[in-house]
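> kindly generate the corresponding structure for this input.
(one chain, ligands or ions: 2)
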Amino acid sequence: MNNKKTVLICIGTRPEAIKMAPVYFAFLKSGYNTKLCVTAQHRDLLDQVLQFFKIKPDFDLDLMTPNQSLNKLSSRILDGIDGIFSTHKIDLVLVHGDTTTSSVIALAAFNRKIKVGHVEAGLRTYNKYAPFPEEINRQLTGRLADYHFAPGVNAKQNLVNEGVNDNTILVTGNTVIDALHIASGILDSGFKTDMIDQLIKTIDFNKKIILVTGHRRENFGEGFESICDALEALSEDSDVELIFPVHLNPNVQDVVYKRLSNLKNIHLIAPLDYPTFIWVMKQSHLIISDSGGVQEEAPTFGVPVLVTRTVTEREEGVNAGCSFLVGTNQDLIITKAKDILCNSSQNQKISNPYGDGDASKKIVDFFEYQDDRK
Ligand code: UD1
Ligand code: UDP
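Ligands and ions are numbered 1, 2, ... in the order given. Below you'll find the predicted structure:
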């Protein structure tokens, strides 16, 4: 293998950091010259993850400004990453999923004729506005990429249907499971965060825990109002505790704090660091979330997820009976939540349909094999 090849792993947001940390570690272990670039599309949320995994970026574009528009963010990423491409010889860029960071960096790399690998490739709803702007971000990245690491067979089939060359696609499982194995191992060895201690002091974990997250742009406004109505109704049951780490996006913060502050049984808290979030997930009876990553993680702990979206690209969980699409309809959320809370036999562990924990190794092996053949 040509050990002088330089691989630049690029991330911008919390989930990209979680899902690319194991990929970064796998490349570091290999002979590749491995570099990490963060756009810092997210700042605090990203740094929480980097700190947990003890990762120090080689390049930090530090681009987050409060509530900046997608176009402003895109132009700043394009400009920032090109500064790196123009001063460093990069042979391969790896991007993840469907964020603005990923699609814009894939475009910038293409413009410089640098090869692009896309991790978590091929997820689709084929609905342009759901999720927005992620569906189009990932389709664009798919067109620009040279190598496609599909988390599952459905994702691979989507790419094949779109005309992507079969030889450039590898089904790996989702790297989120690799990350979960690392974090669970650390937690199982007795690791405890200060935040866990604090939660134990303020929340009654003998009650049924409902964990809530939300951040999707298509739910801003009416959708979030309706979810809040449902959460308020659910909180009237004195046997439950709702834990809601509120995303830092002001469009989420404003409505959630306005609607749900000071309600009994609802704990609005700052975003949790990754290990603490995993710990809370393990204690939960039910999760209500629009998150992609959470849909993938929850089956590991046998916790059902009400997905507050009308479509999902994570169909495996729905088909396996781990997650349920409820949209933002207040009545549907309440009915389904009560149903699950009353029927604890639904909290059964199954093998996680999203991966085995070896996706990152498969990605590195793919490149080593390609290079060995040259
Ligand atoms: C972004 C991604 C989304 C991903 C989500 C994960 C895009 C378009 N959106 O959505 O695909 O699912 O991250 O969480 O790529 N903010 C902070 N501190 C932070 C992070 C965010 O204050 O650490 C605030 C800022 O005001 C920022 C705003 O949230 O401008 C929105 O951030 P942005 O990355 O544009 O969108 P997200 O909703 O976080
Ligand atoms: N997560 C976290 N702290 C939180 C909420 C979520 O560490 O307070 C983790 C979660 O375990 C998952 C990821 O963040 O791995 C999901 O991120 P998010 O929902 O923001 O984005 P998405 O997955 O929808 O792109």
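> for the residue nearest to Asp273 when sequence neighbours are not counted, which three-state class applies?
Spatial nearest neighbour of Asp273, chain neighbours left out: Gln48 (4.7 Å); criterion: CB to CB, 6 or more residues apart in numbering. (Each C-beta comes from the backbone N, C-alpha and C, glycine too.) Recorded secondary structure, Gln48: helix (DSSP: H, G, I helix; E, B strand; the rest coil).
> contact residues of the chain facing ligand 1?
Residues of the chain lying close to ligand 1 by CB under 6 Å from any ligand atom are 13-15, 41-45, 64, 66-68, 70, 98-100, 133-134, 215, 248-250.
> quick one, which of the residues you listed are buried?
Neighbour counting by 16 or more other CB atoms under 10 Å classes 13-15, 41-43, 45, 64, 98-100, 133-134, 215, 248-249 among the residues of the chain next to ligand 1 as buried.
> where along the protein do the strands fall?
6-11, 33-38, 59-60, 92-96, 115-119, 147-150, 169-171, 208-212, 240-245, 266-269, 286-289, 305-307, 323-325 (DSSP state E).
> now those strands as JSON lines including mean pLDDT?
Shown next, in JSON lines, are the strands of the chain (pLDDT from 0 to 100):
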{"stretch": "strand 6-11", "mean pLDDT": "98"}
{"stretch": "strand 33-38", "mean pLDDT": "98"}
{"stretch": "strand 59-60", "mean pLDDT": "98"}
{"stretch": "strand 92-96", "mean pLDDT": "98"}
{"stretch": "strand 115-119", "mean pLDDT": "98"}
{"stretch": "strand 147-150", "mean pLDDT": "98"}
{"stretch": "strand 169-171", "mean pLDDT": "98"}
{"stretch": "strand 208-212", "mean pLDDT": "98"}
{"stretch": "strand 240-245", "mean pLDDT": "98"}
{"stretch": "strand 266-269", "mean pLDDT": "98"}
{"stretch": "strand 286-289", "mean pLDDT": "98"}
{"stretch": "strand 305-307", "mean pLDDT": "98"}
{"stretch": "strand 323-325", "mean pLDDT": "97"}
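> out of those, which comes closest to ligand 2?
Closest of those to ligand 2 is strand 240-245, at 3.5 Å (criterion: CB to the nearest ligand atom).
> what helices or strands is that closest one leaning on?
strand 208-212, helix 222-234, strand 266-269 (3 or more CB pairs under 8 Å, 6 or more residues apart in numbering; DSSP states H and E).
> among the ones you listed, which is nearest Ile81?
Nearest to Ile81 among the helices and strands packed on strand 240-245 is helix 222-234 (32.2 Å), distances taken as CB to CB.
> return the set of buried residues in the closest one.
Here helix 222-234 shows Gly223, Phe224, Ser226, Ile227, Cys228, Asp229, Ala230, Leu231, Glu232, Leu234 as buried, counting by 16+ other CB under 10 Å.
> how far away is the residue nearest to Asp273 from Thr213?
Distance, Gln48 to Thr213, using CB to CB, to the nearest Å: 14 Å.
> and the residue of the stretch 251-374 of the chain nearest ligand 1?
With CB to the nearest ligand atom, the shortest gap between the stretch 251-374 of the chain and ligand 1 falls at Gly292, namely 6.4 Å.
> that residue contacts Val307, correct?
No: if you go by CB atoms under 8 Å, Gly292 and Val307 don't touch, sitting 9.6 Å apart.
> ok, Thr213 - contacts?
Applying CB atoms under 8 Å, 6 or more residues apart in numbering, one finds that Thr213 lies in contact with Phe244, Pro245, His247, Ile287, Ile288, Ser289, Asp290, Ser291, Val294.
> related to what we said a few turns ago, nearest residue to the residue of the stretch 251-374 of the chain closest to ligand 1 other than its sequence neighbours?
For Gly292, the spatially nearest residue (CB to CB, 6+ apart) is Arg314, at 6.4 Å.
> could you do Leu325 as well?
Excluding its sequence neighbours, the residue lying closest to Leu325 (CB to CB, 6+ apart) is Val307, at 5.1 Å.
> wait, doesn't that neighbour sit right on Thr328?
No: counting by CB under 8 Å, Val307 sits too far from Thr328 to count as a contact (10.5 Å).
> quick one: Phe53 from ligand 2, how far?
Plainly put, Phe53 is 12 Å away from ligand 2 if you go by CB to the nearest ligand atom, to the nearest Å.
> quick one: that residue and Glu241, what's the gap?
Between Phe53 and Glu241 the distance is 29 Å, computed by CB to CB.
> OK, contacts around Glu225?
The neighbourhood of Glu225, defined by CB under 8 Å, 6+ apart, consists of Val255, Arg259.
> how near is it to Ile210?
Distance, Glu225 to Ile210, using CB to CB: 19 Å.
> on that earlier part again, surely the residue nearest to Asp273 is in contact with Pro275?
No: if you go by CB under 8 Å, Gln48 and Pro275 don't touch, sitting 9.9 Å apart.
> quick check: neighbours shared by those two?
Counting by CB under 8 Å, 6+ apart, no residue touches both Gln48 and Pro275.
> flag the shaky bits of the protein, pLDDT-wise.
1-3, 344-349 (pLDDT under 70).
> what about 50?
1, 346 (pLDDT under 50).
> now do the same contact list for Met64.
Ala40, Gln41, His42, Arg43.
> what about 10 Å?
12-13, 39-46, 73, 76, 248 (CB atoms under 10 Å, 6 or more residues apart in numbering).
> narrow these to those in helices?
Of the contacts of Met64, the ones assigned to helices by DSSP state H are Asp44, Leu45, Leu46, Leu73, Arg76.
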